[in-house]
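> I need the structure of the sequence given here:
(one chain, ligands or ions: 3)
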Amino acid sequence: MPSIFSYQSSEIDWCENNFVRSPIIAEYYNTISNVCFFILSAALLHLNWQYCQKRSVPMYFISGIFSMYFHMTLSYVGQLLDELSILWTLAVAYSVWYPRAHFPRCIKRGHREKQFYWLGGVTTVITTLMSFIKPSINAYALNCIAFHLLYLTWRELKKCDDQRVHRMAKAMVLWWVLAITSWLSDRWLCWLCQAINFPYFHSFWHVLIAVSLLYCFPLVMYFDVTYEMPAFTPKLGYWPSDSWPIVVPYIALEEPHKQC
Ligand SMILES: CCCCCCCC/C=C\CCCCCCCC(=O)N[C@@H](CO)[C@H](O)/C=C/CCCCCCCCCCCCC
Ligand SMILES: [Ca+2]
Ligand SMILES: [Zn+2]
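Ligands and ions are numbered 1, 2, ... in the order given. Presented below is the predicted three-dimensional model:
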């Protein structure tokens, strides 16, 4: 029986052909494309330095390290680490940022906060256990989180008339649609990708989801400042400048009153 650490012990094998460009890296482009998680999370921390000084931001580049290991080995342990790091980053992000205004109504009013954290904790533990049984199904469950984020974004945007925030949300959704299309294409249309000699859609997924998060995090920070830091007004800036066609948004904190 192969070890859970051994090469290709995972039940998932992505579309890219294995060991074509290197004898020690199973999926070469799927491995190196994870570098974008390190670059873009560094950019995120740098541009949003004011916010990061005041609040802790979940370090999603850790998922990039495990994802690299997974694609390099295609091992069962690599797959578990990849998925569990995403799951736990999401759990931390929800516990830090989930707006109290959107706590589910089904939990009792007086104890809402405590019960919400219990609910989140139990869900995370169950999903963690499920990862050991059927990690390939778990990847779909993780992707479904995006639909909940879309729902939360839609509810927040209804209350917000800052057009810059709407523009940021639209960009996030656009990049996410491109990302999830690439992920699904790699999983389901591999025969077609092989036929056209382009089995690289999973590498595109890495880049596109990292770009989508570059818009998602400032959006979440914007609403967090609005709700949780009444002493500041979140001001949305664009790097390198407003007039560029492709821009990176960031949050600056200003002292007077709020907009949304
Ligand atoms: C109020 C809550 C705010 C939450 C903010 C979002 C926190 C993001 C947390 C985690 C970062 C995810 C990093 C992705 C790493 C991808 C590694 C990878 O490619 N793994 C694959 C195998 O190599 C695996 O098959 C992928 C599984 C699915 C991962 C799904 C991640 C969902 C992240 C949601 C992003 C939302 C973006 C915008 C939504 C409209
Ligand atoms: Ca492969
Ligand atoms: Zn991947």
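> so what's the nearest residue to Phe66 once chain neighbours are set aside up against?
The shortest distance from Phe66 to any non-neighbouring residue, by Cβ to Cβ, 6 or more residues apart in numbering, is to Leu81 (4.0 Å). C-betas here are computed from N, CA, C, even on glycine. Counting by Cβ atoms under 8 Å, 6 or more residues apart in numbering, Leu81 makes contact with 66, 69-70.
> and ligand 1, which of these contact it?
Subset of the contacts of Leu81 in contact with ligand 1: Phe70, counting by Cβ under 6 Å from any ligand atom.
> tell me which residues touch the residue nearest the centre of the chain, please.
In the chain, the residue lying closest to the centroid (Cα atoms, centre = their mean) is Leu213, at 5.5 Å. Contact partners of Leu213, counting by Cβ under 8 Å, 6+ apart, are 40, 44, 60.
> what helix or strand does it sit in?
helix 201-228 (DSSP states H and E).
> got the buried residues for that helix?
Neighbour counts over helix 201-228 (16 or more other Cβ atoms under 10 Å) mark 201-226 as buried.
> what ranges do the strands span in the stretch 1-150 of the chain?
Assigned by DSSP state E, counting those that start in this stretch, the stretch 1-150 of the chain shows no strands.
> for ligand 1, what are the nearby residues on it?
For the stretch 1-150 of the chain, the contact set with ligand 1 under Cβ under 6 Å from any ligand atom comprises 60, 63, 67, 70, 82, 86, 89-90, 93-94, 97-98, 139, 142-143, 145-146, 149-150.
> so of the residues you listed, which ones are in helices?
With helices taken from DSSP state H, the overlap with those comprises 63, 67, 70, 82, 86, 89-90, 93-94, 97, 139, 142-143, 145-146, 149-150.
> report the helix or strand with the lowest average pLDDT across this protein.
Least confident helix or strand of the chain, by mean pLDDT, DSSP states H and E, is helix 112-133 with a mean of 81.
> so what does that one touch, helix or strand wise?
Packing partners of helix 112-133 (3 or more Cβ pairs under 8 Å, 6 or more residues apart in numbering; DSSP states H and E): helix 76-97, helix 135-158.
> okay, these, which one's buried deepest?
helix 76-97 (a mean of 19; mean count of other Cβ atoms under 10 Å).
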